[in-house]
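In: Structure for the following, please:
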Amino acid sequence: MAASQGRLAGSVAAGIVVARLLGFIRERVFAHYFGNSPAADAFRAALKIPNVIRNLLGEGTLAASFVPVYAALLERGEKEEARRLASTMASLLVLITAASALLGIVLAPVITDFAAPGFSGDTRDLTVRLVEILFPMSGVMILSAWCLGVLNTHGKFFLSYAAAGMWNVAQIAVLVALGGYLLGARLVTALAWGALAGSLLQVAVQLPTALKLAGRLRWELSLGLASVRRVIRNWGPVVVGAGVVQISSIVDTQLASLLSGGAVAMLGYAQLLATLPLSLFGVSIAAAALPELSRDAASDARQELASRISDSLRRLGFYIIPSAFALASLGSWLVAALFQTGRFGASDTELVAGVVAAYAIGLPAQASVKLLASGHYALGDTKTPVRIAVASVVTSAALAFVLMKRLGVAGIALGSGLGAYLNLALNYATLERKVGRLWGAGHNRDFAAAGLGAVLASGAAILVGSRLGSPWAAAVASSIGFGLVFGVVTLAAGHPDAAALVRRFKLRSARS
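Out: Numbering: from 1, shown residues only. So this is what the prediction gives:
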């Protein structure tokens, strides 16, 4: 069971790695041409609301409501009902895509003023123009989420997550091709068109396989089907819950727009780096677990479900705890290696590294919440995570507002992370009451081993990196040193996930 889920999570992580590596290349090229300029602020703010719409109606929310129902139908052998469910959801999403694109274009000025109330003059005008171009992208990304739901349910994880790399490829191509000819507003406008084209490519690479797996799809709006009603009924609370979380994201951008110029751009750079482990481990483990958790719930195997969540929590801690320590201790070298070029200077590196360190504090909680929420969704409970999200977002916003006055952009990131721990505590307590004990007997020892390994690895990595002058050399050497020390310490402590990694490596070496 654990090995199978580990392989599935590995497929998700591999897909995310491909997309994220391309994302870092995109961001480095972006930093070279825009730095923390007004054009960079405008592009970050213009992306905010389309991304909110995508997150509200797309990947996470659709998967949480669609995958459990779709997987249960397939598990019971009701293939025709599953096909009709997939057809109806695809048809609904096409309608939503068209409506959201039109609405975003018409309301671009209102959207800009809402997302970035501190913008004025040329920066505001440029943001409005970018919103008009980028908003249709949100609808296309919703269609991509349907593909992801179908692919994941059928065990095809790599393609659905690697496809996001096409969005990055399109933008890289625009910047490389036009960066030497266009500047400022003209270049960032071309980049927005590239982002829209990239979203279309992201759907195009997934659609053939998704259509093949889903069966004979046709235009269908069978809203009377029990399975469709259940998906829509579950989707509503999940969307509301995601909306609450997205409100927190919007508030972060709003607060940043009130600070000095470049604050919105700095927040964007830091989020890209800080959310990498969240995507690699939090999303991959939660995404791989959801179909299996849904099957456990469908067969009323509560003990099996609890055991699966417990194992996933332990595995998540093994990866996410050292990730948080690495970001906090090695952030300056990582930021310099990735972004310090062209208009992005050394002073920008130090500011962004501080924001990354603040985000790292909340990383373990944010990653764990994704897994625990999947447990609720598998049980058909989409309301509890919503209520919890409301409390945590209000807490996060209040803390961010207070802390930014003393810490600037880093205070916004810190407030967001601290609020996530309230979310974690409440989700854990409510889920444990439903399925039984989630914290196994050996979890304290395993988490202590991961924490000790991360502390010692951070110290060793800082010693290595501080002796090297080149940011790239320091980033690479310190990261390798961190990984080696963490691996040795956790292996010596008998951590099961460290031992599993070694076994997997030996098995692959033997096969090759």
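In: what ranges of the stretch 251-400 of the chain fall below the confidence cut-off?
Out: Along the stretch 251-400 of the chain, the model assigns pLDDT under 70 to residues 260-261, 283-284, 287-292, 294-301.
In: where exactly do the helices run in it?
Out: 263-277, 284-298, 302-339, 346-378, 384-407 (DSSP state H, counting those that start in this stretch).
In: what's the closest of those helices to residue 211?
Out: With distances scored as Cβ to Cβ, the stretch of the helices of the stretch 251-400 of the chain nearest to residue 211 is helix 284-298 (19.4 Å). Bear in mind the C-beta positions are built from the backbone N, C-alpha and C, glycine included.
In: Burial check on residue 176, number of neighbours?
Out: By other Cβ atoms under 10 Å, 12 other residues sit near residue 176.
In: Going by contacts, tell me the helices and strands next to the host helix or strand of residue 109.
Out: If you go by DSSP states H and E, residue 109 is part of helix 108-115. Contacts defined by 3 or more Cβ pairs under 8 Å, 6 or more residues apart in numbering; DSSP states H and E place helix 108-115 against helix 38-57, helix 121-153, helix 226-257.
In: by contact count, what packs against the second one?
Out: When you say that, I think you mean helix 121-153. Counting by 3+ Cβ pairs under 8 Å, 6+ apart, helix 121-153 packs on helix 38-57, helix 59-75, helix 79-106, helix 108-115, helix 157-162, helix 184-214, helix 284-298.
In: on that earlier part again, possible to save the helices and strands packed on helix 108-115 as JSON lines with distance to residue 403 and mean neighbour count?
Out: Below are those laid out as JSON lines (distance: least, Cβ to Cβ, whole Å; neighbours: other Cβ atoms under 10 Å):
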{"stretch": "helix 38-57", "distance to residue 403": "21", "mean neighbour count": "25"}
{"stretch": "helix 121-153", "distance to residue 403": "25", "mean neighbour count": "23"}
{"stretch": "helix 226-257", "distance to residue 403": "10", "mean neighbour count": "20"}
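In: right, so of these, which gets closest to residue 285?
Out: Using Cβ to Cβ, the nearest of these to residue 285 is helix 121-153, at 13.1 Å.
In: Okay, domains of the protein per the record?
Out: The chain breaks down into these structural domains: 2-440, 442-512 (assignment by automatic domain parsing).
In: which of those is buried the deepest?
Out: Stretch with highest mean neighbour count among the domains of the chain: domain 2-440 (a mean of 21; mean count of other Cβ atoms under 10 Å).
In: Distance from the chain centre to stretch 464-475, please.
Out: Relative to the centre of its chain, stretch 464-475 is centred 29 Å away, using Cα atoms, centre = their mean, to the nearest Å.
In: hmm, who's touching that stretch?
Out: 330, 333-334, 336-338, 340, 477-478, 481 (Cβ atoms under 8 Å, 6 or more residues apart in numbering).
In: what does stretch 177-188 give?
Out: Residues contacting stretch 177-188 (Cβ under 8 Å, 6+ apart): 29, 32-34, 37, 39-40, 42-43, 122, 126, 130, 175, 190.
In: Pull the most distant pair out of those residues.
Out: Among those, 29 and 122 lie farthest apart (Cβ to Cβ), at 23.4 Å.
In: So residue 335 sits against residue 274, correct?
Out: No - Residue 335 is beyond contact range of residue 274, at 10.6 Å (criterion: Cβ atoms under 8 Å).
In: Overlap of the contact sets of those two?
Out: residue 356.
In: worst-scoring helix or strand of the protein, pLDDT-wise?
Out: helix 284-298 (a mean of 68; mean pLDDT, DSSP states H and E).
In: The helix or strand harbouring residue 489 relative to helix 302-339, how many degrees between them?
Out: Of the helices and strands defined by DSSP H and E, residue 489 is found in helix 471-492. Helix 471-492 runs at 160 degrees relative to helix 302-339, counting by axes from the mean of the first three to the mean of the last three Cα atoms, to 10 degrees.
In: Mind putting the helices of the stretch 251-400 of the chain into CSV with distance to residue 92?
Out: Below are these laid out as CSV (distance: least, Cβ to Cβ, whole Å):
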stretch, distance to residue 92
helix 263-277, 29
helix 284-298, 21
helix 302-339, 29
helix 346-378, 19
helix 384-407, 21
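In: Which of these sits closest to residue 225?
Out: helix 284-298 (17.4 Å).
In: And residue 459, how far from residue 163?
Out: According to Cβ to Cβ, to the nearest Å, residue 459 and residue 163 sit 39 Å apart.
In: scratch that, residue 33
Out: Residue 33 is 26 Å from residue 163, by Cβ to Cβ.
In: how about the CA coordinates for stretch 22-32, as PDB?
Out: Taking C-alpha atoms only, stretch 22-32 is exported to PDB below (Å, rounded to 0.1, in the frame of the first residue of the first chain):
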ATOM      1  CA  LEU A  22      10.800  25.400 -16.600                       C
ATOM      2  CA  GLY A  23       9.100  27.900 -14.200                       C
ATOM      3  CA  PHE A  24      12.400  28.800 -12.600                       C
ATOM      4  CA  ILE A  25      13.900  29.400 -16.100                       C
ATOM      5  CA  ARG A  26      10.900  31.600 -16.900                       C
ATOM      6  CA  GLU A  27      11.400  33.500 -13.700                       C
ATOM      7  CA  ARG A  28      15.100  34.000 -14.200                       C
ATOM      8  CA  VAL A  29      14.500  35.400 -17.700                       C
ATOM      9  CA  PHE A  30      11.600  37.500 -16.300                       C
ATOM     10  CA  ALA A  31      13.900  38.900 -13.500                       C
ATOM     11  CA  HIS A  32      16.600  39.700 -16.100                       C
END
